[in-house]
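>>> Pasting the sequence and the predicted coordinates here, then a few questions.
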Amino acid sequence: MRSRPWGRCARFQTSEWPEPCLHDEQRERETRQGSVEEMLDADAFLQNLSSRIDGFMYSGLNNADYNMTYLSDGFERLLGYDVASFLRNGTSFSSLIHADDLPAVDAAVGAALSASSRWQISYRVKTAGGTWKHVLETGGGRADASGEIAYLDGIVIDFGRANDLADRIQSGQTALDAIGQASDRMIEMLRSLKMLSLNARIEAARSAEAGAGFGVVAKEMGQLAALGEHVTKAVGTELGHLKSALRL
């Protein structure tokens with residue numbers, strides 16, 4: 001008895017045993033269809049996920065400029081830049097990160113890659129409108145075919161609570177600036193008072209006994225002015241410390 005030719009139909013199809021070949025073709029069609037459906041499902045999942053977060057997903061190159069190769073639609077919603085143009089022009093993402101924050105971002109990414117782990121860091125990024133927005137990024141490295149970490153993938157979300165806090169701190173710093181300016185004016189006024197006190201004491205000394213009482217008042221004015229200047233300078237120093245503590 002001849003054995004059935006179980007193989008690809010293009011090579012083994014015969015009129016005597018057509019069934020296995022038909023089954024092979026059907027399985028191949030089902031496999032291809034399943035792969036296409038899985039790809040469509042994955043793409044739909046990413047689009048759906050992207051639309052539900054206050055931020056964006058990204059994939060980019062592991063270089064100093066953090067050039068992006070993929071950005072979800074949330075990038076434009078969050079920062080206002082056109083995704084297609086940003087990718088086409090090869091715009092440096094690191095150029096959008098606040099200069100004071102970039103070293104910390106570089107350090108976090110480098111440390112995570114060295115440890116084969118993920119990084120999470122908050123920083124300020126410049127919007128298309130020129131304002132600064134606080135974001136929180138979580139990401140990790142991805143190797144290419146050679147095993148080198150060539151890509152960085154992650155997600156960046158709007159750190160809304162930090163943005164609100166930054167607005168309140170900015171308002172507080174404005175108030176502190178106004179207090180500091182008032183403090184400076186008070187110091188100038190107290191210095192003038194000290195000069196008047198000194199002049200008054202000189203005149204009192206010239207008037208001998210007739211100016212004795214005036215001399216006592218002038219002395220008290222000088223002491224009061226000195227004390228006021230000392231206190232005002234101390235207030236200015238503490239204001240400086242407070243402004244430094246509030247600086248993001």
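Right, received. Where do you want to start?

>>> helix, strand or coil for residue 226?
Recorded secondary structure, residue 226: helix (DSSP: H, G, I helix; E, B strand; the rest coil).

>>> Show the residue spans covered by the strands in this structure.
Counting by DSSP state E, one finds strands in the chain at the ranges 55-61, 68-71, 119-126, 132-143, 149-158.

>>> Make a markdown table from those and add mean neighbour count and mean pLDDT to it.
The C-beta positions use only the backbone N, C-alpha and C, and glycine is treated the same way. Formatted as a markdown table, these follow (neighbours: other CB atoms under 10 Å; pLDDT from 0 to 100):
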| stretch | mean neighbour count | mean pLDDT |
| --- | --- | --- |
| strand 55-61 | 19 | 93 |
| strand 68-71 | 18 | 94 |
| strand 119-126 | 18 | 94 |
| strand 132-143 | 18 | 93 |
| strand 149-158 | 18 | 93 |
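
>>> Can you lay out those as JSON lines showing distance to residue 94?
Below are those laid out as JSON lines (distance: least, CB to CB, whole Å):
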{"stretch": "strand 55-61", "distance to residue 94": "10"}
{"stretch": "strand 68-71", "distance to residue 94": "11"}
{"stretch": "strand 119-126", "distance to residue 94": "10"}
{"stretch": "strand 132-143", "distance to residue 94": "12"}
{"stretch": "strand 149-158", "distance to residue 94": "11"}
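
>>> who wins for proximity to residue 184 among those?
strand 132-143 (28.6 Å; CB to CB).

>>> those helices in this structure, which residues are they?
For the chain, the helices defined by DSSP state H cover 9-12, 19-51, 74-79, 83-88, 102-114, 160-206, 212-246.

>>> which stretch in those has the least confidence?
For those, mean pLDDT drops lowest on helix 9-12, to a mean of 46.

>>> separation between residue 129 and residue 81?
10 Å (CB to CB, to the nearest Å).

>>> Same question for residue 106.
To residue 81, residue 106 is 22 Å away according to CB to CB.

>>> same question, residue 127
Taken as CB to CB, the span from residue 127 to residue 81 is 8 Å.

>>> ok, now residue 65?
Residue 65 is 15 Å from residue 81, by CB to CB.

>>> The two - which one has more neighbours?
Set side by side, residue 65 and residue 81 show more neighbours around residue 81, with 17 against 13, by other CB atoms under 10 Å.

>>> Please give me every residue in contact with that one.
Residue 81 sits next to 75, 91, 128 when contact means CB atoms under 8 Å, 6 or more residues apart in numbering.

>>> Which pLDDT value does the model give the closest residue to residue 66 other than its chain neighbours?
Sequence neighbours aside, residue 93 is the residue nearest to residue 66 in space, at 4.1 Å (criterion: CB to CB, 6 or more residues apart in numbering). Residue 93 carries a pLDDT value of 97.
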